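Asker: from the sequence below, what's the structure:
(chains A and B)
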Amino acid sequence: MDEEIPVDVGLIYEGERIRKSNMYVDLAGPKSKGAELLLVVPKDEVEDGKVEVIGPDVDEMEEGGRYPLGIFVKVAGDKLEEDLEGVFERKLHYFCNYIQGFMHLNSRDIIWCRISKDSAKKGLKLYHVGKALIKLYKTEFDVIEKIQITFYTDDKAVDEHIARAREVYEKRDARASALKDEDVDVFYSCLLCQSFAPTHVCAITPSRSGGCGAVTWFEGRAAVKVDPNGPITEIPKGEVIDPIKGEFSGINEFVKEKSNGAIERVYLHSIFDYPHTSCGCFEAIAFYIPEVDGIGIVHRDFQGVTPFGIPFSTMAGQVGGGVQSQGFLGISIAYLRSPKFLQADGGWNRIVWMPSQLKERVREAIPEEMYEKIATELEASDLESLKDWLKQKQHPVLERLDEEAEEEAAEEETREQEAQPVATLPELTLPAQGMPIAGAPTEFTITFKNAKIYAEKVIIRRKG
Amino acid sequence: MIIAVSGKGGTGKTVIASLLVRSLAERNAYNILAIDSDPDSNLPEALGVSVERTIGDIREDLLEKRDNLPPGVSWRSQLEYEAMRAIVETQAFDLLSMGRPEGPGCYCAANHVLREIIDTFAKNYDYVVIDTEAGLEHLSRRTTQNVDVMLVVTDTSRRGITTAARIKELAEELKIKFKHIYVVINRATAETKERLEEYAREIGLEVIGVVPEDENVRRYDHEGKPLVELPPDTPALKAVREIAEKIVR
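Answerer: Reported below is the predicted structural model:
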């Protein structure tokens, strides 16, 4: 690629791992320290093409030795914005690995690099790594007009670099944590669970991570870059249909296509009407408790029973498999920390029960005034004790419950008179073709024994 | 090249796997990775190394920590780093231990990524020797599915050979792709050897080698001494060396 660089540079070296017995030096890593940082700076602060090494370069290092390593990249260009720093910085991992005999793992202040004996013998130095990186950055990103790279291997210089880098990471993370569904144009989808939940299409947005907790929006973005044809792909956001419920035309279309038409609409932030499908590997379940008009949450590690008298495992068996279950939703623990957590249903104000261990784990996400009002298995093991607890704590669901009780009482009176079956049949068989039962075979029949049919209205039409 | 050594517990599968690693390492020409994929085996001890962290440990750690990882940190990269860290590196070979099987949580995404990571690692070695259990589940779920040579170790019982045939069927069912599958008869005596070879042939299995009963192996095993330190001319090692030669060729 360049006469200056004594080794090959190219995609074929990606995935190269250097064994200890083939290694010339070990840089940063678990037994040393290091960090990488890329900053967008004004043009006059970059000396384009310059590579500096503060501390010993490879030719001054002892064979088999271990050294700390700092990598500091400064880029400038008219179209560059601070937001791109993270994306460009992530590229260091890939570009470094293009260099023959140079291994680079992970990111930020947990990097680990090695230089192979073979490449060191050919004369590869950090200086050359810098030169190669500059070329790669400029080739891939036209917007980078100027770029300069500094390596630190001197102990004190590395410490200073790590401290500076950590400050930047913190600022970036604070910005990223504040990212919401409305701040991005693209969402991600993961189809990994379709092997056992064929109609499950996981929609991943900044405010909703996958049910398994493994795939966040950021993880999705990274995964698509690594493997564009993998199980994780982009979903264009489309139109916002309902910002509170979290309904987007892009998600609806994508889900309909990938579930083969089984699922047509999805609300991201509600467990009612069109809740997100549940895979089977969710970390927790949000479940509606009609008796108190509230929502309970139970997580996989909880061994006891919910106020319904059933444990997580039984509930999970009923909820999973890629169907939309009214009033039930498989969720990740991280979703409990989302600012949009079940916002269409009242968010934390609607939560009435969760295991104590889980409550403690997400403590900082629960609004202070609600923390004491949410019962755990220690206070409520069944519906009766739950009702008592909620009354005692003046839980906000009580207000809703009172209103509903009045309405229902009125309804009940009228209903009683009408409660006569319009037909009573010893056996009734229905063909179920076209019935929207997800996951069921396409042709089958349903047989009701001793069926009593109730209807609001019966219409009888003469044929022809 | 990826060589999987499987077989029922008690057949001496780990003995064969460790001697195979040693036979390949003796040539001083290869990068070798040993993968301990059987939670009930003791490949690290047989190879004379100790393991601090297993892939299982890493996965459990991640499941606990990941919902608190900063958004700018990818757990995929984190896993890769931790997996590299878990490799025990010696002059002659490297060793990766898969650790205990999964708990009740969801491991789909983590396993998917781990398989990619281990596949990438494996490509960096001339020979990968996997000690896997007879059920082959770890092999299909957690490590690479493309095995070049599958060695099924059996004892000298007729049932042992039948089991070997079942493992072959199982591997086919689990869609583990392998180019060759061979039987290794372990702890054989002169009189059992021929009869067993013939029986194996009858049910369509190819025997790549017969490893004799070896007093040294028994003694080292009993005393807990690493098998890689066996005297170079001990009969079992000589037999495995021949198997290694056939595979390398």
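Asker: what's across from residue B:88 in the sheet?
Answerer: residue B:95 (DSSP bridges).
Asker: doesn't residue B:49 make contact with it?
Answerer: Yes. Using C-beta atoms under 8 Å, residue B:88 is in contact with residue B:49, at 5.0 Å. To be clear about C-beta, it is placed using only N, CA and C from the backbone, and glycine gets the same treatment.
Asker: what touches both of these two?
Answerer: residue B:95 (C-beta atoms under 8 Å, 6 or more residues apart in numbering or on different chains).
Asker: what's the spacing between the residue positioned nearest the centre of chain B and residue A:368?
Answerer: Residue closest to the average C-alpha location in chain B (C-alpha atoms, centre = their mean): residue B:131, at 1.6 Å. Using C-beta to C-beta, to the nearest Å, residue B:131 is found at 54 Å from residue A:368.
Asker: and what of residue A:212?
Answerer: From residue A:212 across to residue A:368, the span is 30 Å (C-beta to C-beta).
Asker: for those two, work out which one has more neighbours and name it.
Answerer: The neighbour comparison of residue A:212 against residue A:368 (other C-beta atoms under 10 Å in any protein chain shown) goes to residue A:212, with 25 against 8.
Asker: shouldn't that one be in contact with residue A:281?
Answerer: Yes. At 4.5 Å, residue A:212 counts as touching residue A:281 under the criterion of C-beta under 8 Å.
Asker: so what's residue A:330 bridging to?
Answerer: The partner list for residue A:330 in beta bridges (DSSP bridges) reads residue A:285.
Asker: so what's it up against?
Answerer: A:211, A:276, A:278-280, A:282, A:284-285, A:316, A:319-320.
Asker: can you get me a residue count around the residue of the stretch 251-400 of chain A found nearest chain B?
Answerer: Of all residues in the stretch 251-400 of chain A, residue A:281 sits closest to chain B, at 2.8 Å by C-beta to the nearest C-beta. Using other C-beta under 10 Å, residue A:281 has 25 neighbouring residues.
Asker: just say helix, strand or coil for it.
Answerer: coil (DSSP: H, G, I helix; E, B strand; the rest coil).
Asker: where in chain B is the helix or strand with the lowest mean pLDDT?
Answerer: Taking mean pLDDT, DSSP states H and E as the measure, helix B:137-141 is the helix or strand of chain B with the lowest mean score, a mean of 62.
Asker: do chain A as well
Answerer: The helix or strand of chain A with the poorest confidence is strand A:423-431; it has a mean of 61 (mean pLDDT, DSSP H and E).
Asker: narrow the contacts of residue A:330 to those that are buried.
Answerer: Burial by neighbour count, judged by 16 or more other C-beta atoms under 10 Å in any protein chain shown, picks out A:211, A:276, A:278-280, A:282, A:284-285, A:316, A:319-320 from those.
Asker: now, which of the residues you listed sits nearest residue A:203?
Answerer: Checking the buried ones among the contacts of residue A:330 against residue A:203 by C-beta to C-beta gives residue A:276 as the nearest, at 6.6 Å.
Asker: in what helix or strand does residue A:138 lie?
Answerer: Using DSSP states H and E, residue A:138 falls within helix A:126-140.
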